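Participant: Generate a structure from the sequence data that follows.
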Amino acid sequence: MFPQFQRVVTLSVMSILVGLFAWIYWRDRQPRARLWMLGWAWIVAHFAGMLLFSFHLIPSRLSDWSAYATLLLGASAFFLSVCCTGANRMQRVVFWAVVVAPAVAYWTGMVYEMQATPIFRSLLVIWLGGGTWLVRRESNQSAQSMTAWFAAVLLPGAWVIYRTATNVESGIDFMLFEGFAITGWRYWRYFRRLTPGVLLTSLAFLAWGLVFPVAELCAALIIAAGRIQKLTFLNVMRG
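Facilitator: Here you go, the predicted model:
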């Protein structure tokens, strides 16, 4: 069995899923089905990029860029499918201009190894500001909802902006986590039904988002453990 077999199977299954949503959209012509189809298409592009790189058909930099850019675009499409932001043309344009574009630009700067902390911080500020403006534009937002937004997004976002001086990767992990986690929350609020489909889909989006901060935490713990082992070894040798 060749090493790319698993990726071929994953890509095939995802392509079938996109085909299913395309069929649903062709029959109903609902904007939400179209956005779901678009979201899954970006996920297929994510796995396709990994497969092409494994066969050495695309350069490593393009593979690195597509790995996260496709996830950012996929999360954006899924979010719009369950948010009234997509119902208004101006809000939709603002969403792509001040939420999606800064996130993709942030990752592009990382791929090209830009040493420009002020630019990364500015992109995060635009991303947070645009998201906050869109949330406040929704007519059903209460003071309680804005408090939850501040605690779940703005407060951690301020901490991430501060951290970019020493760890620029935390910015992209934060945006991906919030993108998928907020989509899961919006999915629950959109349907408001305690059914296995709604519950599991909401939790799946949250799990997708948690992949990124958990992976960074695990990497930090592994590095810390390696340093401790090295120091222990040096102390024993000196000792």
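
Participant: Contacts for stretch 150-169, please.
Facilitator: 110, 117, 120-121, 124-125, 128, 131-132, 170-171, 174, 178, 182, 216 (Cβ atoms under 8 Å, 6 or more residues apart in numbering). (C-beta placed from N, C-alpha, C; glycine too.)

Participant: Would you mind listing which of these are buried?
Facilitator: 110, 120-121, 124, 128, 131-132, 170-171, 174, 178, 182, 216 (16 or more other Cβ atoms under 10 Å).

Participant: Which of those residues fall in helices?
Facilitator: 110, 120-121, 124, 128, 131-132, 170-171, 174, 178, 182, 216 (DSSP state H).

Participant: Next, count neighbours for residue 58.
Facilitator: By the measure other Cβ atoms under 10 Å, the count of residues near residue 58 is 17.

Participant: Isn't it up against residue 51?
Facilitator: No - assessed by Cβ atoms under 8 Å, residue 58 is found out of contact with residue 51, at 9.7 Å.

Participant: of the buried ones among the contacts of stretch 150-169, closest to residue 148?
Facilitator: residue 182 (10.7 Å; Cβ to Cβ).

Participant: before we move on, back to that, report the lowest-confidence entry in the contacts of stretch 150-169.
Facilitator: By pLDDT, residue 216 ranks lowest within the contacts of stretch 150-169, coming in at 62.

Participant: Run a quick neighbour tally on the residue nearest to residue 204 when sequence neighbours are not counted.
Facilitator: Leaving aside its chain neighbours, residue 204 sits nearest to residue 184 (7.3 Å; criterion: Cβ to Cβ, 6 or more residues apart in numbering). Residue 184 has 21 neighbours, counted by other Cβ under 10 Å.

Participant: so residue 184 is in which element?
Facilitator: helix 169-191 (DSSP states H and E).

Participant: If you count neighbours, what's buried in that helix?
Facilitator: Neighbour count says helix 169-191 has 170-188, 190 buried, by 16+ other Cβ under 10 Å.

Participant: For that helix, list the C-alpha coordinates in CSV.
Facilitator: As requested, the backbone C-alpha atoms of helix 169-191 are provided in CSV (Å, rounded to 0.1, in the frame of the first residue of the first chain):
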residue,chain,number,x,y,z
GLU,A,169,1.9,31.5,14.9
SER,A,170,-0.5,32.2,17.8
GLY,A,171,-2.4,34.7,15.6
ILE,A,172,-3.3,32.3,12.8
ASP,A,173,-4.2,29.6,15.4
PHE,A,174,-6.5,32.1,17.2
MET,A,175,-8.3,33.1,14.0
LEU,A,176,-8.8,29.4,12.9
PHE,A,177,-10.0,28.4,16.3
GLU,A,178,-12.5,31.3,16.6
GLY,A,179,-13.6,30.8,13.0
PHE,A,180,-14.7,27.2,13.5
ALA,A,181,-15.8,27.6,17.2
ILE,A,182,-18.0,30.6,16.4
THR,A,183,-19.5,28.7,13.4
GLY,A,184,-20.4,25.8,15.8
TRP,A,185,-22.1,28.3,18.2
ARG,A,186,-23.9,30.0,15.3
TYR,A,187,-25.0,26.6,13.9
TRP,A,188,-26.6,25.7,17.3
ARG,A,189,-28.3,29.1,17.5
TYR,A,190,-29.6,28.8,13.9
PHE,A,191,-31.4,25.5,14.3
